[in-house]
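Asker: using only what follows, build the 3D model:
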Amino acid sequence: MSGWAAKRFWKETSVSETDGGYQVLLDGRAVKTPAKSSLVVPTKALAEAMAAEWDAQDEAIDPNTMPVTRMANSAIDKVSVQHAAVADMLAAYGDSDLLCYRATDPRELVTRQADKWDPILDWAVDSLGVRLKSVSGIMHEAQDAHSLRKMSDLVHALSPFELTAFHDLVSISGSLILAFSVTHQYLDAGAALELSRLDELWQEELWGKDEEAQEMVEKKSKDFAVAAWFYTAAQRET
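Answerer: The predicted structure is shown next:
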């Protein structure tokens, strides 16, 4: 590639309604996905966000500055064609959810995990009909089969666009329950991600922050926030 980058070739960026949703137009021509499919999204909000990303490009097109467009491309080119496999992969997190595996010591960390994570598991019982048990240590213990099926059904019911965003919420947090807490608007993205980092934050309190690690945290925080926004924006009005 030797530093090659696609150049901006259009002057006007716009959004138009089309069959199945909305699309971005560059000088009147519809944008395609990398796999040459029509880049049609379910809501105007998503299309407008993509249009803003395209319009912000300068001489060279930088995909790293276009997270909404990249996520929409993934929904169409990847997730939509293997929806069941992606849903199965994410649903599997429920049997080893981050919130269920607790420290055995020190006592302060054990208490903090219980204080912060137990209310989220209680919320899952009340709002999702899912009951997961917490265990001390890292040895796997199988969760209730009914609860696992319920979570799997919820994941499989997501649209390709919702599932694409949900993938990032789960993979970044390591928790199916925290991802559900965001998509059901029980927690905002920042609060959910902070809960997923509870052990890391504990270590930071003891030993201080690592500059390189903080750069990764900032990137994850941005990606998590985009995924949370994308999930909501992808939902069609009823």
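
Asker: buried set for the host helix or strand of V68?
Answerer: In the assignment (DSSP states H and E), V68 maps to helix 67-74. Within helix 67-74, the residues that count as buried by 16 or more other Cβ atoms under 10 Å are 67-74. Placement of C-beta: from N, CA and C, glycine included.

Asker: could I get the CA-only coordinates of it as CSV?
Answerer: Provided in CSV are the C-alpha atoms of helix 67-74 (Å, rounded to 0.1, in the frame of the first residue of the first chain):
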residue,chain,number,x,y,z
PRO,A,67,-16.8,5.0,13.1
VAL,A,68,-20.5,5.2,12.2
THR,A,69,-19.8,4.4,8.6
ARG,A,70,-17.5,1.5,9.5
MET,A,71,-20.1,0.0,11.8
ALA,A,72,-22.8,0.3,9.1
ASN,A,73,-20.5,-1.4,6.6
SER,A,74,-20.0,-4.2,9.1
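
Asker: quick one: average pLDDT of that helix?
Answerer: The pLDDT scores in helix 67-74 average 98.

Asker: how long is stretch 125-137 from one end to the other?
Answerer: This stretch, stretch 125-137, spans 23 Å end to end (Cα to Cα, to the nearest Å).

Asker: quick one on the thing from earlier: just checking, next helix/strand downstream of the helix holding V68?
Answerer: Next element after helix 67-74 (DSSP H and E): helix 83-91.

Asker: buried ones in that next one?
Answerer: Neighbour-count burial for helix 83-91 [16+ other Cβ under 10 Å]: 83, 86-87, 90-91.

Asker: likewise stretch 201-213?
Answerer: W202.

Asker: then stretch 131-148?
Answerer: Within stretch 131-148, the residues that count as buried by 16+ other Cβ under 10 Å are 132, 143, 147-148.

Asker: once you drop chain neighbours, what's closest to N73?
Answerer: Nearest residue to N73 in three dimensions, chain neighbours excluded: T33, at 4.7 Å (Cβ to Cβ, 6 or more residues apart in numbering).

Asker: can you give me the strands for this protein?
Answerer: 13-18, 21-26, 29-30, 40-41, 101-102, 135-136 (DSSP state E).

Asker: which one of the ones you listed lies nearest to P119?
Answerer: strand 101-102 (14.2 Å; Cβ to Cβ).

Asker: okay, now the sheet partners of that closest one, with direction.
Answerer: strand 135-136 (parallel) (DSSP bridges).

Asker: let me see the contact set for the residue lying closest to A124 once chain neighbours are set aside.
Answerer: Closest residue in space to A124, ignoring its immediate chain neighbours: V130 at 4.7 Å, by Cβ to Cβ, 6+ apart. Contacts of V130 were listed using Cβ atoms under 8 Å, 6 or more residues apart in numbering, and they are 94, 124, 147, 150-151, 177.
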